[in-house]
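Asker: predicted model follows, preceded by the sequence.
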Amino acid sequence: QVQLVESGGGLVQPGGSLRLSCVVSGSILSLDDMGWYRQAPGKHRELVASITSGGLTNYLDSVRGRFTISRVNAEKTVHLEMNNLKPEDTAVYYCSANVLSSSTFRRADYWGQGTQVTVSL
């Protein structure tokens, strides 16, 4: 079993900041690519940012320069620092991790339960 637990969502005014965190726990042999996705009402889920185990990052064009993804491998955590938030950033944000399970010896993508981010006056 692998679990991902997110925290840090909430309501913020335009121009404000939030920091999302995600902790991965369970039967983990290897923790590889991690990422943050988001899904707004009526829209498809999209990749916001990703980071490899070696620290290489990738961002959605609309968030590049405003969001920063980071990870602490020893703590099995990934963070998303979000600055200068805009109303269009409003969505449920999901953490994802590619894990080689120590119980099944199979690699799979695992997801958190999601955390709501609302940007509004």
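Answerer: Received the coordinates, thanks. Numbers count the residues shown, from 1 in each chain.
Asker: helices of the chain, residue ranges please.
Answerer: Remark: no helices are assigned in the chain by DSSP state H.
Asker: the spatially most central residue of it and residue 84: what is the separation?
Answerer: Nearest to the geometric centre of the chain sits residue 36, at 2.6 Å (Cα atoms, centre = their mean). To residue 84, residue 36 is 17 Å away according to Cβ to Cβ, to the nearest Å. (C-beta placed from N, C-alpha, C; glycine too.)
Asker: okay, and the beta partners of residue 96?
Answerer: residue 35, residue 111 (DSSP bridges).
Asker: wait, it touches residue 38, no?
Answerer: No. Checked against Cβ atoms under 8 Å, the pair residue 96 and residue 38 is beyond contact range at 11.1 Å.
Asker: ok, residue 109 - contacts?
Answerer: Taking Cβ atoms under 8 Å, 6 or more residues apart in numbering, we find residue 109 in contact with 96, 97, 98, 99.
Asker: burial count for the third one?
Answerer: For residue 98, the tally of surrounding residues (other Cβ atoms under 10 Å) stands at 17.
Asker: OK, contacts around it?
Answerer: Contacts of residue 98 by Cβ under 8 Å, 6+ apart are 31, 32, 33, 34, 107, 108, 109, 110.
Asker: which among the residues you listed count as buried?
Answerer: Among the contacts of residue 98, those buried by neighbour count (16 or more other Cβ atoms under 10 Å) are 31, 33, 34, 110.
Asker: wait, residue 97 sits on residue 110?
Answerer: Yes. Assessed by Cβ under 8 Å, residue 97 is found in contact with residue 110 at 5.4 Å.
Asker: what is in contact with the two at once?
Answerer: The contact lists of residue 97 and residue 110 share 2, 4, 24, where a contact means Cβ under 8 Å, 6+ apart.
Asker: strands along this protein, start to end?
Answerer: 2-7, 10-12, 18-26, 28-39, 46-51, 57-59, 67-72, 77-82, 91-101, 107-111, 115-119 (DSSP state E).
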